[in-house]
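Chemist: missing the sequence, but the structure's below:
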């Protein structure tokens, strides 16, 4: 299934370029230099006029999923009635103004013919490998048919599924070139967003569990959540759980992001935020992107500094958790929390 591509210029959406797949799907129609509304007049009253207009006016991408379309003059071998996925992504000039639209799409009339989908429907998703699961996910989330190839490149670049889902949008959109190819294995913005949505949905499901009960009575769920949140992060992050007197979660916030080995955090900022939230207790959290579970001197020092600052205001430092790969290390469990500020 090839992706069709077009470039439209100006507020009238004048065709500047279409690829071979576009011509195959919709015919030539002598469209270069003509307005979209004139080339496909039958689509104007089917909702296909509003989407490009909105993308051009707002400067934000617009996506149409599984959109029914009826063509009055379909090319030979193509049905008159089809279902399409289309994205309209604004293109900007040197001054930042929207000057056109990059249009990409695919015909999904025959969606469901992918062999992996047939296997999953018959035997369940559990039988798919990580690469196959990612392939099928991209197949439904991208406007490109090369999902298996791109899934392989994503897993190679980021190591595993967790790494793929934790990757930033820019890094997902530009994958390193294949060593055996001169082409760049990029992922469309819609596919990258699709991956980030999957991670966010999972995060919210896990977060619901830790927010529902006192944190100390739910330590296992908290550690599961933190592993899912931080284990694959490429840079160090410093988070704080702010708790009330009953150890119920008030907020979980990221207070610092840094390099591969360091995230600068200041005790006064942690305590100031605790006062703003009327928090009675704190649990500090940070990750070691290297996967090492060795607690460094700087880890000990910042814990002691925050503990002293918090204790001076009668705020209890309950624990400091370090996510190191699949492990979650507790200062309390290792007897590393300063005695003067330990859990109460």
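Modeler: Yep, it's here. Being a predicted model, the structure only gives us computed values, none of them experimental.
Chemist: elements contacting the worst-scoring helix or strand of the chain on mean pLDDT?
Modeler: Using mean pLDDT, DSSP states H and E, the weakest-scoring helix or strand in the chain turns out to be helix 169-173, at a mean of 77. Other helices and strands packing on helix 169-173, by 3 or more Cβ pairs under 8 Å, 6 or more residues apart in numbering; DSSP states H and E, are helix 189-212. (C-beta placed from N, C-alpha, C; glycine too.)
Chemist: Now do the buried residues in the least confident helix or strand of the chain.
Modeler: Residues of helix 169-173 classed as buried: 171, 172 (neighbour count, 16 or more other Cβ atoms under 10 Å).
Chemist: Can you list the buried residues in whichever helix or strand residue 136 is part of?
Modeler: Following DSSP states H and E, the helix or strand that holds residue 136 is helix 130-141. Buried residues in helix 130-141, defined by neighbour count with 16+ other Cβ under 10 Å: 132, 133, 134, 135, 136, 137, 138, 139, 141.
Chemist: cool, stretch 282-290 as well?
Modeler: In terms of neighbour count (16+ other Cβ under 10 Å), stretch 282-290 has its buried residues at 282, 283, 284, 285, 286, 287, 288, 289.
Chemist: for the fifth one, what are its contacts?
Modeler: Right, the one you point to is residue 286. Listed by Cβ atoms under 8 Å, 6 or more residues apart in numbering, the contact partners of residue 286 are 236, 237, 238, 239, 263, 299, 320, 322, 323.
Chemist: Neighbour count added to those, as TSV?
Modeler: Listed next are the contacts of residue 286 as TSV, based on neighbours: other Cβ atoms under 10 Å:
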residue	neighbour count
236	21
237	19
238	20
239	22
263	18
299	18
320	26
322	24
323	26
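Chemist: Domain ranges for this structure, per the record?
Modeler: 4-107, 115-200, 214-341 (automatic domain parsing).
Chemist: Check which residues of the helix or strand where residue 118 lies are buried.
Modeler: Secondary structure assigned from DSSP H and E places residue 118 in helix 115-123. Applying a neighbour-count criterion of 16+ other Cβ under 10 Å, the buried positions in helix 115-123 are 116, 120.
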